[in-house]
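J.: next comes the sequence, and after it the predicted model I'd like to discuss.
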Amino acid sequence: MKNIFFAIILASVFITSCSTDKPVDPFLVKKHNIGLLTDSTTVRELDTIFKNDSIVRYVSGDEFAGSVNIIEIFDKSGKKLLDLYPKEVLDSTSVISSVRINDERYKTKKNISFLSTFKDIKDNYKISKIDNLINTVVVSVNEINASFTIDKKELPSSLRFDMDTTIDPIQIPEKAKIKYFMIHW
């Protein structure tokens, strides 16, 4: 009887010591996931993933507004965490195609959050592309499937009004703040 009891204790210690499952950091931003949210997460799985948070889904009452497709995630205190954009409108089997990060706790392994500056991005990642839009520039980083939107008010006046100008990373001030931090899958 003592041998069986000892064998059970020894086996349970062995099993628990061999376990390599580390808890997932809910705020870690990677190329294919943000915490438990992955590039294959469907809309119907959101209630499970964000069970401790509040999920706000847009419900269309008009067929002309059916293209609005934002799902907002708030924490218990009411602070907005994420905006999720599914591929298909009003489809619970649709996967999430883009995520806008609204909370500073969400960071990449290299400590980039939406509170970072252009210098932080440039020093930590290879910039893949810069798009010159009407009121913003979008800095794309393919390494993490991310885009960082910077308001043109952060740029020198010579770059603010001409959308045809090709903007080089050296022309963006290092102190330029991020307006939006998005992950695209």
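T.: Noted; the coordinates are in hand. Numbers count the residues shown, from 1 in each chain.
J.: helix or strand with the lowest mean pLDDT in the chain?
T.: Every helix and strand of the chain was ranked by mean pLDDT, DSSP states H and E. The lowest is helix 2-18, at a mean of 58.
J.: from the contact counts, what lies against the following helix or strand past that one?
T.: Downstream of helix 2-18, the next assigned helix or strand under DSSP states H and E is strand 28-29. Using 3 or more C-beta pairs under 8 Å, 6 or more residues apart in numbering; DSSP states H and E as the contact test, the elements touching strand 28-29 are strand 107-108. Any C-beta I mention is one placed from the backbone N, CA and C, and that applies to glycine too.
J.: and the contacts of the strand it packs on?
T.: Under the contact criterion C-beta atoms under 8 Å, 6 or more residues apart in numbering, strand 107-108 has outside partners Phe27, Leu28, Val29, Lys30, Ser113, Asn124, Ile144, Ala146.
J.: need the helices for this structure, in chain order.
T.: Taking DSSP state H, the helices of the chain run over residues 2-18, 46-49, 118-124, 157-160.
J.: quickly list the domain ranges of the protein.
T.: Split into domains by automatic domain parsing, the chain comes to 22-107, 110-185.
J.: so how many other residues sit close to Ser97?
T.: The local packing of Ser97 (other C-beta atoms under 10 Å) involves 15 other residues.
J.: residues in contact with the nearest residue to Phe148 once chain neighbours are set aside?
T.: Nearest non-adjacent residue to Phe148, counting by C-beta to C-beta, 6 or more residues apart in numbering: Val139, 4.5 Å away. The contact partners of Val139, taken as C-beta under 8 Å, 6+ apart, are Phe118, Ile121, Ile127, Lys129, Ile130, Ser147, Phe148, Thr149, Ile150, Pro169, Ile172.
J.: list the buried residues for stretch 115-130?
T.: For stretch 115-130, burial by neighbour count (16 or more other C-beta atoms under 10 Å) applies to Ser116, Thr117, Phe118, Asp120, Ile121, Lys122, Asn124, Tyr125, Ile127, Ile130.
J.: ok, now how distant is the fifth one from His32?
T.: Computed as C-beta to C-beta, to the nearest Å, the Ile121 to His32 distance reads 20 Å.
J.: just the second one next, same as before
T.: Taken as C-beta to C-beta, the spacing of Thr117 relative to His32 amounts to 26 Å.
J.: equivalent analysis for the fourth one, please.
T.: Distance, Asp120 to His32, using C-beta to C-beta: 22 Å.
J.: also Phe181?
T.: 16 Å.
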